[in-house]
Every structure is written in C-alpha cells, then in structure tokens.
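Novice: Here is a sequence with its predicted model. Questions after.
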Protein chains: 2
Amino acid sequence: MLNEKIKLFKALSDPNRLRILKMLQYKPLCVCEVTSLLNLATSTVSKHLHILKEAGFIIEKKDGKWVYYFINNNPDDKRVTRILMELDFWISDNQQIVSDLRKIEDLDKQLACTP
Amino acid sequence: MLNEKIKLFKALSDPNRLRILKMLQYKPLCVCEVTSLLNLATSTVSKHLHILKEAGFIIEKKDGKWVYYFINNNPDDKRVTRILMELDFWISDNQQIVSDLRKIEDLDKQLACTP
DNA sequence: ACTATATTTCGTTAAATAACGAAATGAGAT
DNA sequence: ATCTCATTTCGTTATTTAACGAAATATAGT
C-alpha cells in the first residue's frame, strides 16, 4: 500500500526530525539529551523519536534509566538505508544542522539529564 | 532554512502525488488526463500539481487549451534529480502504480478530456 | 464579441499533525 | 516496598492538509 510507503517521507517532513536524524548520525543520544538540544518538551521529543522508529530510521536500546536511540544501520530495509545515505546530500550545509552538531560536542550529559 | 528543504519531502508525502510523479515519468499528461486517472476533482488535482511544481519535481508547458506537466529533468537542483532517480526504487512493485501505468496505455485523451 | 472548454483560485469542511503540560509507566537505587 | 527520575501516554489546542464545489480566469474557435 502506498500509505505504508509514504510513512518514510512523512517522517522526513519535519525539521525537528531531520535535526534528530542528523544528530544521531553523529552519535547515539538519549531522549533527554535530544530534548536539551532541541529545546522542546520531553513528550514532544518522545513522539518524534517514536515516529522515526516506526519509519525504521532509528532503533532504541535501553541502558539503565535511559533510552538511547541509534541510527538503524541494519540493511534489512534497503529503502531506509538508501534514504539515510542520501540525507547528508539533501540537507548539507544547513546552518541549523551545523550548529546542532557543534552543540553535541560540548554537550554535558550530566548537565542535560538532571533536574 | 530547513523548512525550505522539507518542501521536497512534504511533496512526496501524499499517495496521489506519488502516483502523479510515476505517471509523468511514464509520459507527460495534461490536468484532465491526470484527473481522469486519479478520479479526483479537477481542483484537487490542480493543487497537487502545483505542490509538485513548487517543489521542483515537475514543470508545466501550455499547449492550446491544455496545460501539460513534465518531469523536471533539468539537473539544476541536484536534490530533485537524485530523488526522482530514487523514486522507482522506493515505491517499486506497488499495485496501485502498476495499475495506473497500465491505464495510461489505454487512456483516450479525447474521452478523458471532454465533458 | 460570444461560446465552449481547461485550469486555477476561493471558501469551506473534515482529518492529520505538532506542540504543551499533566498523569501514568518502567526501571534503577535506597 | 518505596523513592526517584527518564520516558511514554493522554487530553487539549492551534496549525496544516486534502478534499470538494462554485466562481473566476484563460485560451481556442465561431
């Protein structure tokens, strides 16, 4: 069904989700880290991650209290793999993305994930 | 701006627009031909074509009473070109698409575009 | 100028989406 | 078992989107 196929494109049709994908391509992050980087409510970020997971772009791994999200590099679904490969090309040189990646380097998990 | 970039993905996030793109990859069509193939209101189809045009996927050429739409094969925007190249791969073997293409072969413009 | 036909624009409605805060859940630590 | 904290789910609100029909626009032929 075409409605199933467009789930991939819908998942890519939101700027915050593109930012998340690019962040996770840089390195795996837990929900609170992503939340801190995007400056959105935790529930909103959780929803975005769910959508990306349903589309097959990312996978989750629990680690203690935290849920870490990883780019799905399993080549089972070749459509996902190819899109992830093209991602860099489609949104290269974006100011927001570049700034996000810089912030990840300075990110202090301790600081980001404690109340 | 990321909002500009996601226009491409939003344009792909609708089953009828994917059907249109695949049809136009087979051959250029006028609005009433597309309308007849999709079984939607003319105004709806016109809107979809406008969105695809704004995203850069297709171009329009007027020919008498009719407005024909073509796949944009001009490689100015490499993002558009690459996505169009990948399209086949992403939505290959779809029942709806296959059926659409079969219908195009039998399509009688005279019949489709007269009241 | 008038008519016929193709397309676009406009106004409306129903459904989908993104955001938030509050409440519920789950999993370690005490 | 209880407490704490990270995450998800729920309910709500504002915005966006897809669809339609009717009215407006454009172009060809009479």
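Specialist: All right, it came through fine.
Novice: Can you tell me which residues in chain A are near chain B?
Specialist: A:1-3, A:5-6, A:8-10, A:12-15, A:18-19, A:78-79, A:82-83, A:86, A:89-91, A:94, A:96-97 (C-beta under 8 Å from any C-beta of the partner chain). For every residue, glycine as well, the C-beta is placed using N, CA and C.
Novice: hmm, which of these are the buried ones?
Specialist: A:2, A:5-6, A:8-10, A:12-15, A:18-19, A:79, A:83, A:90-91, A:94, A:96-97 (16 or more other C-beta atoms under 10 Å in any protein chain shown).
Novice: which of those come close to DNA strand C?
Specialist: Checking these against DNA strand C by C-beta under 7 Å from any atom of the strand, the ones in range are A:10, A:13, A:14.
Novice: And the contacts of the lowest-mean-pLDDT helix or strand in chain A?
Specialist: Lowest mean confidence among the helices and strands of chain A (mean pLDDT, DSSP states H and E): helix A:109-112, at a mean of 85. With C-beta atoms under 8 Å, 6 or more residues apart in numbering or on different chains as the test, helix A:109-112 has contacts from A:30, A:32, A:33, A:35, A:36, A:37.
Novice: ok, now stretch A:63-75?
Specialist: A:20-21, A:24-25, A:28-32, A:34, A:49, A:52-53, A:56-62, A:80-81, A:84, A:113.
Novice: What segments of chain A are helices?
Specialist: A:2-12, A:15-26, A:31-38, A:42-55, A:78-90, A:95-106, A:109-112 (DSSP state H).
Novice: Can you redo those helices as JSON lines, where the extra columns are distance to residue B:73?
Specialist: Shown next, in JSON lines, are the helices of chain A (distance: least, C-beta to C-beta, whole Å):
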{"stretch": "helix A:2-12", "distance to residue B:73": "21"}
{"stretch": "helix A:15-26", "distance to residue B:73": "26"}
{"stretch": "helix A:31-38", "distance to residue B:73": "37"}
{"stretch": "helix A:42-55", "distance to residue B:73": "29"}
{"stretch": "helix A:78-90", "distance to residue B:73": "19"}
{"stretch": "helix A:95-106", "distance to residue B:73": "29"}
{"stretch": "helix A:109-112", "distance to residue B:73": "47"}
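Novice: burial measure for residue A:59, as a count.
Specialist: 16 (other C-beta atoms under 10 Å in any protein chain shown).
Novice: Just the buried ones among the contacts of stretch A:63-75, please.
Specialist: The buried subset of the contacts of stretch A:63-75 - by 16+ other C-beta under 10 Å - is A:20-21, A:24-25, A:28-32, A:34, A:49, A:52, A:56-60, A:80-81, A:84, A:113.
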